[in-house]
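Chemist: starting from these lines, generate the structure:
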Amino acid sequence: MSGLKRPGGELASRPLHFFWIVDCSGSMHGEKIGTVNHAIQSTIPEMVSAAENNPNAQLMVRTLKFSTGASWVTSSPVNVEDFAWDDLDAEGVTDLGKAFELLSAQLTIPPMSDRALPPVLVLLSDGQPTDDYKKSLAELKKLPWGKKAVKIAISIGQDADDGVLEEFTGNKELVLQANNAAALTKMIKWASTAASLVSAPASISMDEETTAEGGANPVIVDMGGRIPDLDDIQEDDVW
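Modeler: I've put the predicted structure just below:
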């Protein structure tokens, strides 16, 4: 939906960029990456539905993968209605820092619009970074859009470095635990509609005064009662 009708004309929707950032290192091979592929593919209709219910925002989706190096699977932002998931393979190491570098390059103006809503960054990882991620993460968080972004991490398996993921989100509550396929699927489906929780009236545009001592206040999703309940998931098969 391109705009809202109002007296005197239409109110144009604002772009809301959603990024899947997926660990494709060798430790993700097999059931883990297979679950990621199936879950994200199956949740696209839910993202489309969520976007239709949020006419203030134009939801744009991209996929970034990292293993030995990092690269964009989706070369440019795609309207959610036109987004298609390309199945990912897993091999190599975990160059998370490279992923942060590529992400930072896309969170500047341009290519981001100064009318955009705070982007949603969803990071999925099952291991520990094998490169120097701290410098590139610090650069990402210095960017105005890096500060305002809603950052969610899904920790896959018991070997994932939750400390690194918490550094990324800046909030322990936004590091979601997934120790088997059922839990991972549920977390991905929840995260896929996180963009719908970022309401336009409550969001901050780049032309509004948001800076303060220590930097701008990020937009944080109200998590109260929203995190999926995993009590009904069997833990027989634990990664």
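Chemist: which element is the nearest residue to Thr74 once chain neighbours are set aside on?
Modeler: Residue nearest to Thr74 in three dimensions, not counting chain neighbours: Arg62, with 4.3 Å by C-beta to C-beta, 6 or more residues apart in numbering. All C-beta atoms are positioned from the backbone trio N, CA, C, and that covers glycine. Using DSSP states H and E, Arg62 falls within strand 57-67.
Chemist: mean confidence for that strand?
Modeler: The average of the pLDDT scores along strand 57-67 is 96.
Chemist: am I right that Asp86 falls within a strand?
Modeler: No. Judged by DSSP: H, G, I helix; E, B strand; the rest coil, Asp86 forms no part of a strand; its state is coil.
Chemist: so who does it touch?
Modeler: Counting by C-beta atoms under 8 Å, 6 or more residues apart in numbering, Asp86 touches 63, 73.
Chemist: ok so, going back, what's around the residue nearest to Thr74, how many residues?
Modeler: Arg62: 20 surrounding residues under other C-beta atoms under 10 Å.
Chemist: how close does it sit to Pro119?
Modeler: According to C-beta to C-beta, to the nearest Å, Arg62 stands 10 Å off from Pro119.
Chemist: follow-up on the earlier one: so how far is Ala183 from the residue nearest to Thr74?
Modeler: The value you get for Arg62 to Ala183, if C-beta to C-beta is used, is 25 Å.
Chemist: who touches both of Arg62 and Pro119?
Modeler: Contacts common to Arg62 and Pro119, judged by C-beta under 8 Å, 6+ apart, are 17-19.
Chemist: next, count neighbours for the nearest residue to Asn179 once chain neighbours are set aside.
Modeler: Spatial nearest neighbour of Asn179, chain neighbours left out: Val238 (5.0 Å); criterion: C-beta to C-beta, 6+ apart. When neighbours are counted by other C-beta under 10 Å, Val238 registers 10.
Chemist: ok, now Lys135?
Modeler: By other C-beta under 10 Å, 12 other residues sit near Lys135.
Chemist: wait, is it part of a helix?
Modeler: Yes. Inclusion of Lys135 in a helix is indicated when three-state DSSP is applied.
Chemist: which residue packs closest to it, ignoring adjacent ones?
Modeler: Using C-beta to C-beta, 6+ apart, the nearest residue to Lys135 is Gly97, at 7.0 Å.
Chemist: distance of that neighbour relative to Ala183?
Modeler: Applying C-beta to C-beta, the value for Gly97 to Ala183 is 27 Å.
Chemist: pretty sure the residue nearest to Asn179 is touching Ile156, no?
Modeler: No. The criterion here is C-beta atoms under 8 Å, and Val238 misses it with Ile156 at 11.6 Å.
Chemist: in contact with Val164, which residues?
Modeler: Contacts here follow C-beta under 8 Å, 6+ apart; on that basis Val164 touches 96, 125, 128-129, 133.
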